[in-house]
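> make a model of this:
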Amino acid sequence: MKSYKSMSSAELESELNALRQRYEDYKALGLKINMMRGQPSPEQLDLSNHLFDGIADSGYKAQDGSDVRNYGNPAGLAEARKVFADIIGTEADNLFLGNSSSLNMMFDTLMRAMVFGEIDSDKPWSQIEGRKWLCPAPGYDRHFRVTETLGFELITVPMTENGPDMDIVEKLVAEDDKILGIWNVPVYTNPEGVVYSEETCRRMASMKTAAKDFRIMWDNAYVCHHLFDDESERGKVPDMLKLCSDAGYPNRVYEFASSSKVTFAGGGLSCLAANSENLARAKKYMGVQSICSNKVNQYAHVRFLPTAEAVDEIMRKHAAILRPKFKTVIDILTEEFDSNTDVCRWTNPKGGYFVSFYALPGTAGKTVAMCADAGVSLTPAGASYPYGKDPDDTNIRLAPSFPQPSEIEKAIRILSVCAKITAVEKLLEEKQ
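Predicted coordinates:
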């Protein structure tokens, strides 16, 4: 089949009629498929159904002999911090454990800066007029919403195959002391699936910034969420805390991770990692906010997953469930757009929870709306950009983790038809 861009107007009209008939046939099926967010499927959640087995008969004693049901150990159980430290590649002394939401810990970290400033701040960030934040995009919509809510101007930085465009990042932060930080998901970015290169990490750790209290928010959410068992296929980045310290900026980075997609999404653990000075300062305020996190849950987790190796074992089971779903997405897109990769493209990630689809510029919003009318709910077009506005109206985030493979096939067929219809319509408009 000829590519759409090489077709005549008559050929495009004929193709459009055929596509519209396919679309009406799909609408008639009365489907209801949700691919909006990266939720674990019930099969994945079932992997942790024995998380709390035997806990009532265990004595509730941590390795140090303390009773996990009582107050104490505000930074979290040492054995649980050790597991997290091994996973993200840092030292256990650098960690503070929280409850299920790492996003909550990120929000609180920024709120402390807003109210009290950072160690090297002249004043609280809330007193800085015109404060700004860098947002690599496409990126995580909830990150952007946090800094938008706290009154930052969001500045879009384009993504590359190695992470944020560091030429742009370095220029911006060197020239503007109102730029106070940058969001990052360094391993299997949301939604691109990019793994930051070592060079990107080193440049970010060592770059000169006009703001002396500039901060890197390092959300290592998918550090162990690999789709493949082969070590050579697995994404990995250096210890960012060490890189920043070696570069002479030890206070620059806060790192976050969680077990929310390892065990139970609504009942996991989260962690904040920082250098000793930042962590001591954070603990001072967190100690006022809360006496301790849920140590019973920490205890259950470390009994169920006592080592990083045990975490890797359960993550291989997650991958076995997820891998066929991602393959279905890629296979259907490849089949549907065999001769039309000039009107769309997509990522083929090796981990994480998303596939990033790029429709013909100017058509993503209409494509998503058409999918919804046919019973397929997708993340709103533009959600992966600051303020929810994709300047090219092209990116659509696909979340294949929750639906069954048979549902995914139907959903991607519908997406493909809708993306083709909007592309043909736009090409016809241009010809006219």
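> quick check: closest non-adjacent residue to Lys212.
Asp120 (5.3 Å; Cβ to Cβ, 6 or more residues apart in numbering). Quick note: C-beta positions are derived from backbone N, CA and C, even for glycine.
> do the same with Pro380
Spatial nearest neighbour of Pro380, excluding adjacent residues (Cβ to Cβ, 6+ apart): Val368 at 6.4 Å.
> that older thread, so the residue nearest to Lys212: helix, strand or coil?
Assigned by DSSP: H, G, I helix; E, B strand; the rest coil, the conformation of Asp120 is coil.
> what number of residues lie near it?
By other Cβ atoms under 10 Å, 14 other residues sit near Asp120.
> and Pro380, by the same measure?
Pro380: 18 neighbours (other Cβ under 10 Å).
> are we agreed that it is in a helix?
No: counting by three-state DSSP, Pro380 is not part of a helix but coil.
> who's in contact with it?
Gly365, Val368, Gly388 (Cβ atoms under 8 Å, 6 or more residues apart in numbering).
> quick one on the thing from earlier: count of residues packed around the residue nearest to Pro380?
Neighbour tally, Val368, other Cβ under 10 Å: 24.
> try Ser276
Neighbour tally, Ser276, other Cβ under 10 Å: 12.
> model confidence for it, exactly?
With respect to pLDDT, Ser276 has a value of 97.
> that one against Leu95, yeah?
No: using Cβ atoms under 8 Å, Ser276 is not in contact with Leu95, being 11.4 Å away.
> what is in contact with those two at once?
Common contact partners of Ser276 and Leu95 (Cβ under 8 Å, 6+ apart): none.
> which residues touch Arg22?
Taking Cβ under 8 Å, 6+ apart as the test, what Arg22 contacts is Val417.
> from what I can see the residue nearest to Pro380 touches Leu378, true?
Yes: using Cβ under 8 Å, Val368 is in contact with Leu378, at 5.1 Å.
> intersection of neighbour lists for those two?
Ile396.
> pop the domain breakdown of this structure in here.
Annotated domains of the chain cover 4-44+313-431, 61-306 [automatic domain parsing].
> save these as a markdown table, and put in distance to Leu51 too.
As requested, these are exported to a markdown table (distance: least, Cβ to Cβ, whole Å):
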| stretch | distance to Leu51 |
| --- | --- |
| domain 4-44+313-431 | 10 |
| domain 61-306 | 5 |
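> quick one on the thing from earlier: assumed the residue nearest to Pro380 was part of a helix.
Yes: assessed by three-state DSSP, Val368 belongs to a helix.
> which residues sit in contact with Asp141?
By Cβ under 8 Å, 6+ apart, the contact set of Asp141 is Thr379, Ala383, Ser384, Gly388.
> kindly recompute the last result at 6 Å.
Ala383 (Cβ atoms under 6 Å, 6 or more residues apart in numbering).
> could you measure from it over to Thr422?
Noted for Asp141: a distance of 22 Å to Thr422, by Cβ to Cβ, to the nearest Å.
> repeat for Gly193
Distance from Gly193 to Thr422, by Cβ to Cβ: 24 Å.
> where's Cys186, which helix or strand?
For the record, residue 186 is Pro, not Cys. Assessed by DSSP states H and E, Pro186 sits outside every helix and strand.
> equivalent analysis for Ala319, please.
Using DSSP H and E, the element containing Ala319 is helix 308-336.
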